[in-house]
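K.L.:
take this sequence and fold it.
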Amino acid sequence: AYRPYMGGDLKPSTAWHAQFEDVNNDGRPDLFVAKGNVDRMPDFAQKDPNNLLLQKPDAHFVEVGDVSGIESFSIARGAMLSDFNLDGKIDLVVVNRRENVKIWRNISSDLGSFIALRLQSSTSNRDAIGAWVEVKTAAGVQRREITSGGGHVSGQNGYWHFGLGNAKSAEIRVIWPDDTEGPWYTIDAGQFYSVSYGEAPKPWVPPSRAN
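P.N.:
Model prediction:
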């Protein structure tokens, strides 16, 4: 069984919400896991910090919860990784039991580039739930399904974020919920885009960047 990576408790961990997201924009999805004990399960770890696992080029994951500053011994349940302040960096919110929600803002300065996409469909549901997005750079193709909800008392919010590493642009394509395959479009990195059914991607500038 997996055991906590810090805190000195050698009993097995208890995992709740898990979410993949590229927190350092290197083009590889990383993994966050919300952790927390259950009162009626004394045989499991009481001190059970959340995990943040960075994916390396060889597809192995390395724990960085302690060095990233998101380690917490609160009893976590739900969580969300998303770019809450629209600066191109993935932030974190965690819902805890018997404690306030905790939010961590990503202030890293050595990240790769990114694109963020919001889909709108006129032939199925508004948010194109069930669509697939493909993002292609010289490093390869990222493929992601558009979903709603997922995990434990958690979900998705806002724009769909893709880290691009050193790429200055990317090609994107949407396979819509009605199985229509859109064309490939080349877009610049470092921007937010609205992608509507049957239309080319349109850049969107967050109010904080407008000036």
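K.L.:
only C-alpha atoms for contact and neighbour calcs from this point on.
P.N.:
Will do.
K.L.:
residues near N106, how many?
P.N.:
Per other C-alpha atoms under 10 Å, the neighbour tally for N106 reads 18.
K.L.:
residues contacting it?
P.N.:
Contacts for N106 (C-alpha atoms under 8 Å, 6 or more residues apart in numbering) come out as K89, I90, D91, L92.
K.L.:
ok, for the last one, nearest residue in space, not its chain neighbours?
P.N.:
Nearest non-adjacent residue to L92, counting by C-alpha to C-alpha, 6 or more residues apart in numbering: L81, 4.7 Å away.
K.L.:
how close does that neighbour sit to L31?
P.N.:
From L81 across to L31, the span is 10 Å (C-alpha to C-alpha, to the nearest Å).
K.L.:
so which of these two has more stuff around it?
P.N.:
Set L81 next to L31 and count neighbours by other C-alpha under 10 Å: L81 wins out with 24 against 20.
K.L.:
returning to that earlier point: are any of the contacts of N106 buried, and which?
P.N.:
When the contacts of N106 are checked for burial by 16 or more other C-alpha atoms under 10 Å, the buried set is K89, I90, D91, L92.
K.L.:
out of those, which is nearest to D188?
P.N.:
Nearest to D188, judged by C-alpha to C-alpha, of those is K89 at 16.6 Å.
K.L.:
report pLDDT for that closest one.
P.N.:
Here, the pLDDT recorded for K89 equals 97.
K.L.:
please enumerate the helices of the protein.
P.N.:
For the chain, the helices defined by DSSP state H occupy 65-68.
K.L.:
domains for it, by residue range?
P.N.:
15-104, 113-206 (automatic domain parsing).
K.L.:
tell me the mean pLDDT over the last one?
P.N.:
Mean per-residue pLDDT for domain 113-206: 94.
K.L.:
what about the domains of the chain, which gets the closest to D9?
P.N.:
domain 15-104 (5.8 Å).
K.L.:
what's the burial count for the residue nearest to G8 when sequence neighbours are not counted?
P.N.:
Spatial nearest neighbour of G8, excluding adjacent residues (C-alpha to C-alpha, 6+ apart): K47 at 7.8 Å. Neighbourhood size, K47 [other C-alpha under 10 Å]: 22.
K.L.:
and K47, how far is that from Q19?
P.N.:
Counting by C-alpha to C-alpha, the gap from K47 to Q19 is 21 Å.
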